[in-house]
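> 3D model of this:
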Amino acid sequence: VSAEFDSIKFQESQPLTFESVPWPVLDHPHRTSWDSIEWGAVEKFFNAIEKLLENQTEYKALLEKAHRRFHPDKWKAR
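Reported below is the predicted structural model:
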């Protein structure tokens with residue numbers, strides 16, 4: 001889902017919506033709301049992912065991609 005989101009060029013015919021964003025929270029996407037996207041929920045997500053991944057190199061790569069994905073300059077370009 002994240003890779004697809006990163007490659008999409010949003011435009012008028014395919015607008016960026018709240019539901020199209022792969023928010024880094026553990027809530028089911030259909031239950032995710034603005035209120036569920038908070039620092040603590042994001043920390044829980046990344047803590048859970050760190051435990052699931054095989055090694056720190058994979059985790060750091062995922063963290064870097066997420067950092068770029070949600071960087072304000074990236075959003076301005078969308």
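
> Low-confidence ranges, this structure, go.
76-78 (pLDDT under 70).

> run the last query once more with 80
Counting by pLDDT under 80, the ranges of the chain that qualify are 1, 73-78.

> now the helices: where do they sit in it?
Using DSSP state H, the helices assigned to the chain run over residues 2-7, 39-52, 56-69, 72-77.

> TSV for those helices, including distance to Val25 and mean neighbour count?
Just so you know, the C-beta spots here come from the backbone N, C-alpha and C atoms, and that holds for glycine as well. What follows is the helices of the chain, written out as TSV (distance: least, C-beta to C-beta, whole Å; neighbours: other C-beta atoms under 10 Å):
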stretch	distance to Val25	mean neighbour count
helix 2-7	13	11
helix 39-52	4	12
helix 56-69	12	13
helix 72-77	18	9
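
> Reformat the ones you listed into TSV and put distance to His30 next to each item.
Formatted as TSV, the helices of the chain follow (distance: least, C-beta to C-beta, whole Å):
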stretch	distance to His30
helix 2-7	16
helix 39-52	16
helix 56-69	21
helix 72-77	23
